[in-house]
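Novice: quick check, what structure comes out for this input:
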Amino acid sequence: MARWEGNTRNRLEQAALALFEEQGYDRTTVAQIAQRANLTERSFYRWFADKREVLFGGSQELEAEFVAAIDAVPPGTPALPTLLAAFATAPRVFRPREFLLRRAAVIAANPPLRERELIKLVTISETLTSALLDRGIDPETARLATDLGLSVLRLATERWVAKERRDGNGFPEALSAAAADLLAVAADGMPR
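Specialist: Numbering: from 1, shown residues only. I've put the predicted structure just below:
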């Protein structure tokens, strides 16, 4: 095995994704992933607890990025604008667009992976709510802002990933458009 080759995590992610696409998630083993990446199973387990985590391993990085960005927002900024400012930093830790598209297709085809994605989303939600509470925002506002903010983030990310950008940018625009859409839907739903 060629252990000296760099970027072990990326190689494992790419190998796993290719195998999940070729033969299905359920029929893919850790041994096959390691072999495809030209690594040992031991190397696999240094990076990931199980084969599911190959698709979800970046969530801790994303949480850390968001918490750091929330801490950097000026004090007194309302909850939702605080979250939107934090979410604008997401591309720093996002995987490449092609990986995200392929990952989404594998997850959509596998109910246990969709369940895992929901669990990871709950964890991120709790982390964001806690970060807002640490800023002195009341619990109800923190929870509501987090729920709304994550809806905006999901829509923005889906749009950004689906739209090929030659400049590699466009996420702030997608985030802003998704936030505007949320406000428009909320305004339409208000009794007059």
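Novice: and residue 121, how far is that from residue 64?
Specialist: Note on residue 121: its distance to residue 64, by CB to CB, to the nearest Å, is 16 Å. For the C-beta atoms, the positions are set from N, CA and C on the backbone; glycine is no exception.
Novice: what do you get for residue 86?
Specialist: As judged by CB to CB, residue 86 and residue 64 stand 11 Å apart.
Novice: just want to know which of these two has more residues nearby.
Specialist: Between residue 86 and residue 64, counted using other CB atoms under 10 Å, the more crowded position is residue 86 (23 against 12).
Novice: the more buried one - nearest residue in space that isn't next to it in sequence?
Specialist: Counting by CB to CB, 6 or more residues apart in numbering, residue 86 lies nearest to residue 69, which is 3.7 Å off, once chain neighbours are set aside.
Novice: gap between the one you found and residue 158?
Specialist: Between residue 69 and residue 158 the distance is 21 Å, computed by CB to CB.
Novice: ok, those two, which is more surrounded?
Specialist: residue 69 (19 against 14).
Novice: give me the element that one is part of.
Specialist: Assessed by DSSP states H and E, residue 69 sits inside helix 59-72.
Novice: residue contacts, the residue most central in space within the chain?
Specialist: The centroid of the chain falls nearest to residue 59 when counting by CA atoms, centre = their mean (5.7 Å). Residues in contact with residue 59 (CB atoms under 8 Å, 6 or more residues apart in numbering) are 120, 123-124.
Novice: how about residue 61?
Specialist: residue 93.
Novice: try 10 Å
Specialist: Neighbouring residues of residue 61 by CB atoms under 10 Å, 6 or more residues apart in numbering: 92-94.
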